[in-house]
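Enquirer: Provided below for reference: sequence and predicted model.
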Amino acid sequence: MSVATGPTPPSLGNIVSQRELTPPASGPCKIEARGMNFYYGDKRALQDISIQILPNVVTAFIGPSGCGKSTFLRTLNRMNDIIPGTRVDGTVLIDDKNIYGPGTRVDELRRTVGMVFQKSNPFPKSIFENVAYGLRINGMAGTRTELTERVEQSLQQAALWDEVKDRLQDSALALSGGQQQRLCIARALAVKPDILLMDEPASALDPIATQRIEELVYNLKKQYTVVIVTHNMQQAARVSDYTAFFWLGRLVEYDRTDKIFTAPSEKLTEDYVTGRFG
Amino acid sequence: MEQGIRHFQEELETLKGRLLEMGGLAEERVRASVEGLVARDVDLLGTVLTGDEPINRLHIEVDNRAFRLLALHQPMATDLRAIVAAVKINSDLERVGDLAVNIAEAAARYLGHAPVKQLIDIPRMGSIAQGMLRDSLDAYVKRDMDLARAVLNCDDELDALKTQVFRELLTYMLQDVNTIEPALDLILVSRHLERIGDHATNVAEDVIFMVSAQDVRHHPPAAP
């Protein structure tokens, strides 16, 4: 990470108060990490992360490239397991159950913790089949009518139904970038997850398509717990209720989004959100 | 980002510079209006009555610069607070300029009558109001919270003097009906000076908000 002009960011040792364990609001938490470390081989990419994420809110992870925000997001549904040489220690609880504990079924975890990636990745199938696919492989397809209803519901939740209802059998690859991304969201929602992880979901989209995704995120939190990684601080400010700022693999500050962007507690956060480094 | 932030900081510094220029003009006009009254200098009052244009121009310029910075740079945290504070201080300073005109108008009317009394408390009020204005702007430049808090504490003195002026002039008016008209103008002057103190207090509160993100409005001021 390069450090730009302006005041030198303080070393992590100088951070007075780590807010990681403090839930920014009362109530039961949906996701909790306790003293979590993550390694790519010998390199420790996340250090001692502790955080409590509340249900039915949007939590944004921000920080400069390489700060560990995407890595941490991917630990929440064990997506890093597929990268050779990675290792986790510490605890990640979802609904009070350690997802790294013995007996965790990773396929079931990834159904309940859905994920949407930076680049939309629809299957080379029809729009209908893209959404139905997860239902079929999870044995959730039911009758033909039930399947059709669930596909429609998911497309409606992803705010795509009106644009595709007359061409469900067309190839998903014929959709625009923004529509493809919403299709991927519909595909994740079809299998009825509790949590939706979004890794830079709008970074490849134009402003109008971005706005639609942001509106969607806002609406989704009524039913889901949403965690979003974004490089775009204005986007984090617009869509999230809580924001966590990561730096050099550490969680520096975690608080209400309005607090983070108007009066952060840590100098390092202040310097980052005002563009003085990063 | 480095270049963007430098550009932003330069624009922000220009914005602050314009605001200080405006503060200097407002302070000078308050001084001239009170001085014109005390020294019975009609020409000096005339410069206040006709010279509002530079402040009005700066008022619009500062607002435009602030809006442009908000729209183009979407500032956060301390930068956001600095711009929001600038917009609010801008309004306060423009009002101070208007109040200086109001003082000059009342003073010009007052000079058309025989003096009611020797002016003691009104020059004191003028000096306190100017000092509050100057200190609040110094606090803005230096980001000095202690100085800003000291400004908040001066406001009570100004309020007390205004009440004292009113009571004293009331006795003159009760004794001699011919003093009613000029005495009312002096009461108006004291009222305008007290309002200038209120605007300086607003500026000081905005400085505290800008520096520390604390909102101290509508609360008793903390000890300096």
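Expert: Nice, I can see it. Residues are numbered from 1 along each chain as shown, chains lettered A, B, ... in the order given.

Enquirer: for chain A, what are the nearby residues on chain B?
Expert: Contact residues (CB under 8 Å from any CB of the partner chain) of chain B with chain A: B:1-2, B:4-6, B:8, B:74-81, B:213. C-beta: built from backbone N, CA, C; applies to glycine.

Enquirer: Now the element after the longest helix anywhere in chain B, going C-ward?
Expert: With secondary structure taken from DSSP state H, chain B has its longest helix at helix B:2-38. With elements assigned by DSSP states H and E, the helix or strand that comes after helix B:2-38 is helix B:42-50.

Enquirer: could you point out which element follows that following helix?
Expert: helix B:53-73.

Enquirer: so what secondary structure elements neighbour that next one?
Expert: helix B:2-38, helix B:77-110 (3 or more CB pairs under 8 Å, 6 or more residues apart in numbering or on different chains; DSSP states H and E).

Enquirer: For chain B, give me its nearest residue in chain A.
Expert: Residue of chain A nearest chain B, by CB to the nearest CB: A:Ala263 (3.2 Å).

Enquirer: In contact with A:Ala159, which residues?
Expert: A:182, A:212, A:215-216, A:219 (CB atoms under 8 Å, 6 or more residues apart in numbering or on different chains).

Enquirer: try A:Lys221
Expert: Contact analysis of A:Lys221 by CB under 8 Å, 6+ apart lists A:56-58, A:241.

Enquirer: ok, of those, which come out buried?
Expert: A:57-58, A:241 (16 or more other CB atoms under 10 Å in any protein chain shown).

Enquirer: now, which of those lie within strands?
Expert: Counting by DSSP state E, those place A:Val58 in strands.

Enquirer: so what pLDDT did residue 204 get?
Expert: Just so you know, I chose chain A. For A:Ala204, the model assigns a pLDDT of 85.

Enquirer: I was after chain B.
Expert: So B:Ala204 comes in at 97 (pLDDT).

Enquirer: Right, and chain A sits closest to which residue of chain B?
Expert: For chain B, CB to the nearest CB, closest residue to chain A: B:Ala213, 3.2 Å.

Enquirer: Do I have it right that that residue meets A:Ala263?
Expert: Yes - counting by CB atoms under 8 Å, B:Ala213 touches A:Ala263, with 3.2 Å between them.

Enquirer: Contact partners for the residue of chain A closest to chain B?
Expert: Contacts of A:Ala263 by CB under 8 Å, 6+ apart are B:77, B:81, B:213.

Enquirer: Can you give me the distance of it to A:Gly63?
Expert: Relative to A:Gly63, A:Ala263 is positioned 19 Å away (CB to CB, to the nearest Å).

Enquirer: for B:Ala107, same thing?
Expert: For B:Ala107, the distance to A:Gly63 - CB to CB - is 60 Å.

Enquirer: same check, this time on A:Val226
Expert: Look at A:Val226 and A:Gly63: by CB to CB, they are 18 Å apart.

Enquirer: Burial check on A:Arg187, number of neighbours?
Expert: A:Arg187 has 28 neighbours, counted by other CB atoms under 10 Å in any protein chain shown.

Enquirer: which residues does it contact?
Expert: Here A:Arg187 is in contact with A:122, A:130-131, A:133-134, A:154 (CB under 8 Å, 6+ apart).

Enquirer: Any regions of chain B where pLDDT drops low?
Expert: B:1-4, B:220-224 (pLDDT under 70).

Enquirer: now with 80?
Expert: B:1-5, B:219-224 (pLDDT under 80).

Enquirer: Now do the longest helix of chain B: which elements does it pack against?
Expert: Checking 3+ CB pairs under 8 Å, 6+ apart, helix B:2-38 ends up next to helix B:42-50, helix B:53-73, helix B:77-110, helix B:121-142, helix B:180-212.

Enquirer: and the helix or strand bottoming out on mean pLDDT in chain A, what does it pack onto?
Expert: Lowest by mean pLDDT, DSSP states H and E among the helices and strands of chain A is helix A:207-220, with a mean of 90. Counting contacts by 3+ CB pairs under 8 Å, 6+ apart, helix A:207-220 packs against helix A:177-190, strand A:225-229, helix A:233-239.

Enquirer: quick one, strands of the stretch 1-150 of chain A?
Expert: Taking DSSP state E, counting those that start in this stretch as the test, the strands found in the stretch 1-150 of chain A are A:31-40, A:43-53, A:58-62, A:86-94, A:97-98, A:113-116.

Enquirer: neighbouring strands for the third one, and are they parallel or not?
Expert: Which is strand A:58-62. In the sheet, strand A:58-62 lines up against strand A:225-229 (parallel), strand A:242-247 (parallel) (DSSP bridges).

Enquirer: burial measure for residue 86, as a count.
Expert: Let's take chain A. 16.

Enquirer: Sorry, I should have been clearer: chain B.
Expert: Burial of B:Ala86, expressed as a neighbour count using other CB under 10 Å, amounts to 22.

Enquirer: wait, what's in contact with B:Leu147?
Expert: If you count contacts by CB under 8 Å, 6+ apart, B:Leu147 has them with B:135-136, B:138-139.

Enquirer: can you list the residues of the stretch 101-250 of chain A near chain B?
Expert: A:233-234, A:237.

Enquirer: Adding distance to A:Tyr254, write those out as TSV.
Expert: Shown next, in TSV, are those (distance: CB to CB, whole Å):
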residue	distance to A:Tyr254
A:Met233	15
A:Gln234	19
A:Ala237	15
